[in-house]
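Novice: Kindly generate the corresponding structure for this input.
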Amino acid sequence: QIQLVESGGGLVQPGGSLRLSCATSGFTLDWYAVGWFRQAPGKEREAVGCIKSDYDSTYYADSAKGRFTISRNSHTAYLEMNSLKPEDTAVYYCATAEDKFCYSGGIYFNEYDYWGQGTQVTVSS
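Specialist: Prediction:
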């Protein structure tokens with residue numbers, strides 16, 4: 001059973017930064033793409049971005065481009081968030097999928113299989 005655990009969320013002021021982690025135990029992420037998603041109250045879950053199993057190919061939603069960076073190693077994926085805005089407030093999730101579901105044409109949550117429990121990010125002054 002693949003288990004993912006997100007951490008690193010919290011309260012941050014607008015313009016601040018956070019680094020979220022998505023850690024696994026008992027298995028390697030090497031064969032999977034890892035996606036980051038978020039869901040704000042009353043809104044649908046949306047993609048933030050993803051990284052393929054090659055550790056290098058990354059794709060981002062327009063809202064994340066230039067501000068967020070995804071990286072990874074064998075057991076942990078990271079979401080570095082800079083220049084945070086109040087509209088970034090949401091519960092952030094990581095999830096795994098086949099590489100083919102991490103591409104520039106779209107990142108869809110229903111194509112991702114295993115999910116973490118989420119971590120809350122609140123951007124407020």
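Novice: Note down every partner strand of the least confident helix or strand in the chain by mean pLDDT and its orientation.
Specialist: The weakest-scoring helix or strand in the chain, judged by mean pLDDT, DSSP states H and E, is strand 114-115 (a mean of 94). Paired strands of strand 114-115, with direction, are strand 90-97 (antiparallel) (DSSP bridges).
Novice: chain center to the partner strand: distance?
Specialist: 5 Å (CA atoms, centre = their mean, to the nearest Å).
Novice: The closest residue to residue 45 other than its chain neighbours pairs with what?
Specialist: Nearest residue to residue 45, sequence neighbours excluded (CB to CB, 6 or more residues apart in numbering): residue 39, at 4.3 Å. Heads up, the C-betas are built off the backbone N, CA and C, glycines and all. Beta-bridge partners for residue 39, by DSSP bridges, are residue 91.
Novice: Residue 39: how many residues sit nearby?
Specialist: 15 (other CB atoms under 10 Å).
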